[in-house]
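**Q** Okay, here's the prediction I keep looking at, along with the sequence it came from:
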Amino acid sequence: MSDHLIIIGAGMATGRAIEDLRSAGSDIKITLFNAEPRGNYNRIMLSPVLAGDKTYEEIVTHDDAWYAEHDVTCRFGEKVDAIDREAKTITAANGDVLSYDKLMFGTGSNPFMIPLPGHDLDGVIAYRDLEDTQKMMDLGPDNKCVVIGGGLLGLEAAAGMAARGVDVTVIHIMGHLMERQLDEAAGYLLRKALVDKGITVKCSANSKEILGENGKVRALLLDDGTELPCDLLVMAVGIRPNVKLAQDAGLAVGKGIHVDDQMVTSDPDILAVGECVEHNGAIFGLVAPLYDQAKVAAKTLLGEDATFVQKELSTKLKVTGCDLFSAGDFAEGEGREDIVFRDPARGVYRRLVIENNVIVGAVMYGDTADSNWFFGLIKDKTDIADMRETVIFGPAFQGGAAVDPLSAVAALPRDAEICGCNGICKGEIEDAIAAGSTDLVGIKATTKASASCGTCTGLVEQVLAVTLGDDFVIPAAATVCGCTDMTHEDVRRMIKSQKLTSMNAVWQECGWKTVDGCPTCRPALNFYLLADWPLEYKDDPQSRFINERKHANIQKDGTFSVVPRMWGGITTPDELRAIADAADKYMVPTVKVTGGQRIDLLGVKGEDLPGIWKDLNDAGMVSGYAYSKGLRTVKTCVGTDHCRFGTQDSTGLGIKLEKTLHGAWTPHKLKLGVSGCPRNCAEATCKDIGVICVDSGYQISIGGAAGMDVKETELLVQVPTEDEAILVIKAVSQLYREQAKYLDRIYKWMAKVGLDWIKEQIVDDLDNRAALVDRFELSQTIYRHDPWAEHVKKAETYQPLANLSLEAAE
Amino acid sequence: MTQWIDVAPLDDVPARGARMLKTAHGCVAVFRTADDEVFALDNTCPHKQGPLAEGIVHGKSVTCPLHNWVFSLETGMAQGQDVGQVATYPARVDAGRILIDAAQLTGRAVAAE
C-alpha cells in the first residue's frame, strides 16, 4: 500500500498526527504543506521565548532531519490554493497539482484583529507566530507598547515584554483580567501582581482608534479621550479558526471545519485536526485536546477505532511569579455553592464551585501546588460530602484530625515576629502579658503590636489565647457583618494602610468569607473606598442602597419621592411653577414641605423619574440628595436681609455652604443649619453641624441630632469671617468622612474620638486643617455634580427590561 | 414544555443588579449575579410587597429594599428567620442574551385564574 496523505499545515496537531502514524508503523506517503517557511515548533512556548527563558531553537519540535528520517516530503513556505474533491487533487501555489487518497486539514487559526481605524498601520501586530514574537523581542527599555486584550495570550505578551524593560500598558475591555478563566477576586490578585511587575493595566477600557504617523503606529486612543503613546501595538483578543480553504472546497463549516468523533469532515476522505475544527459546537485553543484529536485522526487513518471525547480543561498562566489555575465551570449554572478561602498575608485565593457535592469548578491564585488534586476531583466527579469541611485546604488536610490554628502559634519560637510594622516578636508580647497586659488593648498600648496596619490583630489574639489559656476570651468585637471578622475600624485602617482601592482588594486582603459581600458590608466598603480614594475608586451603584442608586427615596408602595435642591431654602416663583407643573404632569399624589426647607414630591413611579428630573433640570433645579448618606440641606433663617435681629447674612452663608458641600458623601446623612443670631430660628444647634452668627463672627458647633437621639451641638470654634467658617466646616466634614464608621452620625463619632481630639485636628493644627480642606476639595472635583442630569441620559435603565404582557396574554 | 423567549441582552442588566420585566400577570425581576448567572423571580416580596428588583444582589441572594428580607435567587425561599417564598422562573443566558421560559410565565397565569 502506498496511499498518499497530503497534510495542509505543519502545526502542533498535525505534527503529533504524523508522529503517531509513523510510530504505529504506517508507511503511508506523506506530503506536508506549510504556509510558514518552517516546520513544526511548540507554539505555546513562544511566551517563554519572548520572556527570554528559552530560545527559538529549544522550542522546535520537528527539524529537517526529523522530517527526512520519518519520510515526510516537506513543502514549507508553500500554500495550497485549491482542492478538487471530485478529482481528489490539490493545487499548490506554484501551480503543481497533486493527487491524494487522504487529505488532512491542520490550517489552525487566524488572530482576530479588531477593525479599529488604523489597525493596518505598521507596528500593529497580533501575537501568533515567531515573526510577531521577534518584533516584540526587538523592543527595549526605551520603547512603549500597548497590548489590547487581557486574556491569557495578551498577558503573557505583556509580561514577556515587561521583563525586557519595555513600558507596557494592557487594555482590557472587561471589568477584570482573564474573565473567561478567573473570577473577579483572582483577577484582582493577578492585576496586582502584574502592576508590581511595572505593567500598567486598564480594565473596562474601550479602544477607539489607533493613531499613526507616517504610516506607523504612534498611539492608541481610548473612547474616554486618553491617548496611550506606543511604538508597537499588540492585539491579542482572540482567534478564529482558519476555514477559508475548507469552505472553498465545499466542506461543512460552522465556526470551524465540522468533524465527527473520528475527526472526519463532511467528506469521508478528508480529516481535520487542531484549532481549525469544530466538534460538537466547540472550538479548541489549548494543546491537550489538539493532541487527543491528532491521536484519533492517526488511528482513523490506520483503520482503527478511536473516538474523540471533549474533556475538562484547565488553564495555567505562563508568567513568572503569577501562580494561577482555573478549571471547570465556575461561572454559570443553577444550584451551585461556593467555598472560598483567602489568606491575605500570602496573597492566596481559592474558590471551589460545588454542585450536588461534586466540585465543578476551581479558581486558585497564589498557591497552586494542589491544583492537580483539585483538577482530579473535578474530572472524576468525586463526591466530596465527607470532606466538605476541609476540602478547600487541599489533600494534606484530608483524613487527619482537625487542625487547631492555636497549636501553630504555640509552636512559634519567642523570636518569631508577630507585628511586622513595629517589629514586635512573640516573646515581647508574652512578656507584656506576664507584666499584666491581658487583652488586646493592653498589648497595643504597651508593645504597639497590631497598633499600625492591624493585619496581625488575629495573631496577637492567638498569642494571648495560648499564653493565658482559659483566662483569655477573644473579644467578640462588633464586626462589619458576617462576611468578615474585622471591625469597621480594622477595615478602614487596612484600606488606608494597605492602599486598597477596590472592593476586590478589600475582600482579598481582609479575608472576606463570602464571594461578594452582603447588603451590610458592600455599602460600607463602597463608602470607605470612595472616601479614601476618590480618584482611584469608581463608585459602585450595585453596592448602594436603592435610594442612592436611583437618587430618589423609595416609599412603602415601591414609588419614589423627588426633592429638588433649594439652596439655603430659597426658591423663586419660576421654580415653584416648574415644581407645580411637574407635579401635575406626573400626577404626583402628595406634595409636602419638608423639615429641611424644601418641597417633596411623593409617589412618583420609578419609570417616571428621568422624565420629572428632566423637567426640573430644565427649570434650573438639581437633585436635593434627600436620599443620601451625604449632605442633605443647610437650613437657614433670613438673617440680615430682612430680620431686625440678624447679625450676619445667614441665608447667604447657608447657600454658599450648600453649594460647596453638595454631592459630598459622608458616613451618614449630614444636616447643617445657619442661624443669623442666637435666637436660632434655623434650629442650628440640633444639626450635625450648626452655625450661630454673632456680632463678632460665627460660632461653629457640631454633633447635634434630632432623631432617635436628641442632642445639642457642642462648640468647636468661633471664627471671625465667613470664609474661615466655610473652611472649618469643610475640614470637619472631611475629618468625619475619613475617620467615622459608616452609619455613625457626627455625634456618635464625636462620642468615640472626643471633641478635644477634633479640636486638635482642626482648630489647633492649621496645617492639618488646610490639608483636610484640600482633600475635601479633591474629592468634590469628582462628586460635586448633579446626578439627575446624568441619569436622564440613561433613562432607558429606569424602564422595564421588556414588556411581555402582550405575548403572555396570548 | 419550555418555550424560551429572548428578553434582552445580558448587558442590559448590571452585574450584581436586576431589572424588572412586565408581564400580563405582574412584574418579574431578572437578576444577574457577579458570575453572569441570571435568575427570574416574582418582583414582589411576600412580606410587604417590596420591589425585589431594587434590592442589593449578593452571591445568589437578593435583599428586599424595604425591610431587608433576604431571598435565595435559586429557590425563591426567604432566608434566615423569615418565612416566605416567591415564585421562580427558568432563565438562562445564551450567546449574550437573556432567555426566560414563557411557558412558565403563562402557566402561572392559568394557575392563578
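**A** Cool, the structure landed. Remember, predicted model here, so these are calculated numbers, not experimental data.

**Q** going forward, measure contacts and count neighbours with C-alpha atoms only.
**A** Noted.

**Q** Please give me every residue in contact with the residue in the stretch 701-810 of chain A that chain B sits nearest to.
**A** Nearest residue of the stretch 701-810 of chain A to chain B: residue A:805, at 3.8 Å (C-alpha to the nearest C-alpha). Contact partners of residue A:805, counting by C-alpha atoms under 8 Å, 6 or more residues apart in numbering or on different chains, are B:22, B:23, B:24, B:25.

**Q** Just the buried subset of these, please.
**A** The neighbour count (16 or more other C-alpha atoms under 10 Å in any protein chain shown) marks B:22, B:23, B:24 as buried among these.

**Q** In TSV: these, plus distance to residue A:719 and secondary structure.
**A** What follows is the buried ones among the contacts of residue A:805, written out as TSV (distance: C-alpha to C-alpha, whole Å; DSSP: H, G, I helix; E, B strand; the rest coil):
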residue	distance to residue A:719	secondary structure
B:22	58	strand
B:23	61	strand
B:24	64	coil
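
**Q** Taking the contacts of residue A:805, tell me the two that lie furthest apart.
**A** B:22 and B:25 (8.1 Å; C-alpha to C-alpha).

**Q** my guess is residue B:72 meets residue B:60, correct?
**A** Yes: under the criterion of C-alpha atoms under 8 Å, residue B:72 makes contact with residue B:60 at 6.2 Å.

**Q** Surely residue A:211 forms part of a strand?
**A** Yes: assessed with DSSP: H, G, I helix; E, B strand; the rest coil, residue A:211 lies in a strand.

**Q** name the element the closest residue to residue A:295 other than its chain neighbours belongs to?
**A** Nearest non-adjacent residue to residue A:295, counting by C-alpha to C-alpha, 6 or more residues apart in numbering or on different chains: residue A:17, 6.0 Å away. Element membership for residue A:17 (DSSP states H and E) is helix A:12-23.

**Q** Quick one: residues in contact with that helix.
**A** Contact with helix A:12-23 is made by A:7, A:40-43, A:62, A:70, A:106, A:273-274, A:287, A:290-291, A:293-295, A:297-299, A:302, as judged by C-alpha under 8 Å, 6+ apart.

**Q** Just the buried ones among those, please.
**A** Taking 16+ other C-alpha under 10 Å as the criterion, what is buried in the contacts of helix A:12-23 is A:7, A:40-43, A:62, A:106, A:273-274, A:287, A:290-291, A:293-295, A:297-299.

**Q** Regarding residue A:519, what is its secondary structure?
**A** coil.

**Q** out of everything not next to it in sequence, what's closest to it?
**A** residue B:56 is the one closest to residue A:519 (C-alpha to C-alpha, 6+ apart), at 6.0 Å.

**Q** circling back: can I get the contacts of residue A:805 in CSV including distance to chain A?
**A** Shown next, in CSV, are the contacts of residue A:805 (distance: C-alpha to the nearest C-alpha, whole Å):
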residue, distance to chain A
B:22, 5
B:23, 4
B:24, 4
B:25, 7
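
**Q** tally of neighbours for residue A:639?
**A** Neighbours of residue A:639 under the rule other C-alpha atoms under 10 Å in any protein chain shown: 24.

**Q** which residues sit in contact with it?
**A** Listed by C-alpha under 8 Å, 6+ apart, the contact partners of residue A:639 are A:645, A:646, A:647, A:648, A:649, A:650, A:651, A:675, A:676, A:677.

**Q** Tell me how far it lies from residue A:678.
**A** 11 Å (C-alpha to C-alpha, to the nearest Å).

**Q** re the thing from before, filter the contacts of helix A:12-23 down to the ones in strands?
**A** Assigned to strands by DSSP state E, the following of those qualify: residue A:7.

**Q** helix or strand right after the helix holding residue A:17?
**A** Past helix A:12-23, the next helix or strand by DSSP H and E is strand A:29-34.

**Q** distance between that next one and the chain's centre?
**A** Taking C-alpha atoms, centre = their mean, to the nearest Å, one finds strand A:29-34 lying 48 Å from the centre of the chain it belongs to.

**Q** quick one on the thing from earlier: and the angle from the helix holding residue A:17 to strand A:29-34?
**A** Helix A:12-23 runs at 160 degrees relative to strand A:29-34, counting by axes from the mean of the first three to the mean of the last three C-alpha atoms, to 10 degrees.

**Q** Tell me the buried residues in helix A:12-23?
**A** Buried-residue list, helix A:12-23, by 16+ other C-alpha under 10 Å: A:12, A:13, A:14, A:15, A:16, A:17, A:18, A:20, A:21, A:22.

**Q** Same question for stretch A:21-37.
**A** A:21, A:22, A:28, A:29, A:30, A:31, A:32, A:33, A:34, A:35, A:36.

**Q** So the third one is in contact with residue A:6, correct?
**A** No: with contact defined as C-alpha under 8 Å, residue A:28 and residue A:6 do not form a contacting pair (10.1 Å).

**Q** All the strands of chain B, residue numbers only.
**A** Here chain B has its strands, by DSSP E, at B:4-9, B:17-23, B:26-32, B:38-42, B:56-58, B:61-63, B:70-72, B:88-89, B:91-94, B:97-101.

**Q** got it, and the stretch 201-350 of chain A?
**A** A:207-213, A:216-222, A:227-229, A:232-235, A:239-241, A:257-258, A:270-272, A:277-278, A:314-316, A:324-328, A:336-343, A:348-355 (DSSP state E, counting those that start in this stretch).

**Q** Out of the ones you listed, which gets nearest to residue B:88?
**A** Among the strands of the stretch 201-350 of chain A, strand A:336-343 sits nearest to residue B:88 (C-alpha to C-alpha), with 16.1 Å.

**Q** ok now the closest one, how far from the chain's centre?
**A** A distance of 18 Å separates the centroid of the chain from that of strand A:336-343, by C-alpha atoms, centre = their mean.

**Q** and it, which strands flank it?
**A** Next to strand A:336-343 in the sheet, as set by DSSP bridges, lie strand A:348-355 (antiparallel).

**Q** just to revisit the earlier point, so which pair among the contacts of residue A:639 is furthest apart in space?
**A** Counting by C-alpha to C-alpha, the most remote pair of the contacts of residue A:639 is A:645 and A:651, 13.8 Å apart.

**Q** re earlier: buried only: go through the contacts of residue A:639 for me.
**A** A:646, A:647, A:648, A:649, A:650, A:651, A:675, A:676, A:677.

**Q** quick revisit: among the contacts of helix A:12-23, which are in helices?
**A** A:287, A:290, A:291, A:293, A:294, A:295, A:297, A:298, A:299 (DSSP state H).

**Q** Minimum pLDDT in those residues, which residue is that?
**A** When the ones in helices among the contacts of helix A:12-23 are compared by pLDDT, residue A:287 scores lowest at 77.

**Q** Contacts only, for that one.
**A** A:12, A:44 are the contacts of residue A:287 under C-alpha under 8 Å, 6+ apart.

**Q** residues from chain B in reach of chain A?
**A** Contact residues, chain B versus chain A (C-alpha under 8 Å from any C-alpha of the partner chain): B:7-8, B:12, B:14-17, B:19-25, B:34-37, B:48-51, B:54-59, B:63, B:65-66, B:74, B:102, B:105-106.

**Q** Buried ones from these, can you make that a ChimeraX selection?
**A** Only the buried entries of those go into this ChimeraX selection, using 16+ other C-alpha under 10 Å:
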select /B:7,8,14,15,16,17,19,20,21,22,23,24,34,35,36,37,50,51,54,55,56,57,58,59,63,65,66,74,102,105,106
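
**Q** Where does pLDDT dip in chain B?
**A** Within chain B, the ranges that satisfy pLDDT under 70 run B:1, B:106-113.

**Q** Residue A:367 looks like it's in a helix, true?
**A** No: counting by three-state DSSP, residue A:367 falls outside a helix, being coil.

**Q** any idea how far residue A:509 is from it?
**A** Counting by C-alpha to C-alpha - residue A:367 and residue A:509 are separated by 15 Å.

**Q** Please apply the same query to residue A:30.
**A** Distance, residue A:30 to residue A:509, by C-alpha to C-alpha: 58 Å.
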